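Enquirer: Build me a model:
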Amino acid sequence: MSIRGAWNRSGNTNRIFDMWENGEGMGVNQIAGVFRDEGMPITVGYIREVIKNDDIMTGKALPKTKVTKAKRDHKSQQNPGFDDGGMVPSPS
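Expert: Sure thing, here's the model as predicted:
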């Protein structure tokens, strides 16, 4: 993901909480409508999940070393003839 994409995601998450917490009772449908008015096809379900999982996502940062290890372990377990279950040509 690009730096700009990360900034956009972070900013949009902040906008959701700004409307949810400080919007004097704005509901998820209204919040989704604000995004849709700006041409962003966000769903009500997505907004609900962002709000519902806030405590989980802000309670602790996943260490980058754990992510690196998980990716390395995943890669080492992959069959070179398959890509997440889909057949791909083996290199010749």
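Enquirer: can we go C-alpha only for contacts and neighbour counts from here?
Expert: Fine.
Enquirer: Are we agreed that A61 is in a strand?
Expert: No - secondary structure of A61, determined by DSSP: H, G, I helix; E, B strand; the rest coil: coil, with no strand assignment.
Enquirer: How much space separates it from E38?
Expert: A61 sits 31 Å away from E38, going by C-alpha to C-alpha, to the nearest Å.
Enquirer: so which strand or helix has the closest residue to P41 other than its chain neighbours?
Expert: In space, not counting the residues next to it along the chain, P41 is nearest to F35; the distance is 7.2 Å by C-alpha to C-alpha, 6 or more residues apart in numbering. Following DSSP states H and E, the helix or strand that holds F35 is helix 28-37.
Enquirer: and the helix or strand that comes right after that helix with helix 28-37, angle?
Expert: The first helix or strand that comes after helix 28-37 along the chain, using DSSP H and E, is helix 44-52. Calculated by axes from the mean of the first three to the mean of the last three C-alpha atoms, to 10 degrees, helix 44-52 forms an angle of 120 degrees with helix 28-37.
Enquirer: Work out the gap between helix 44-52 and the centre of the chain.
Expert: 11 Å (C-alpha atoms, centre = their mean, to the nearest Å).
Enquirer: Convert it to PDB, retaining C-alpha atoms only.
Expert: Coordinates of the C-alpha atoms in helix 44-52 are reproduced here as PDB (Å, rounded to 0.1, in the frame of the first residue of the first chain):
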ATOM      1  CA  VAL A  44     -23.000   0.300   6.200                       C
ATOM      2  CA  GLY A  45     -21.500  -3.100   7.200                       C
ATOM      3  CA  TYR A  46     -18.000  -1.800   6.800                       C
ATOM      4  CA  ILE A  47     -18.700   1.200   9.000                       C
ATOM      5  CA  ARG A  48     -20.200  -1.000  11.600                       C
ATOM      6  CA  GLU A  49     -17.200  -3.300  11.600                       C
ATOM      7  CA  VAL A  50     -14.800  -0.400  11.900                       C
ATOM      8  CA  ILE A  51     -16.700   0.900  14.900                       C
ATOM      9  CA  LYS A  52     -17.200  -2.600  16.500                       C
END
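Enquirer: Good, wrapping up.
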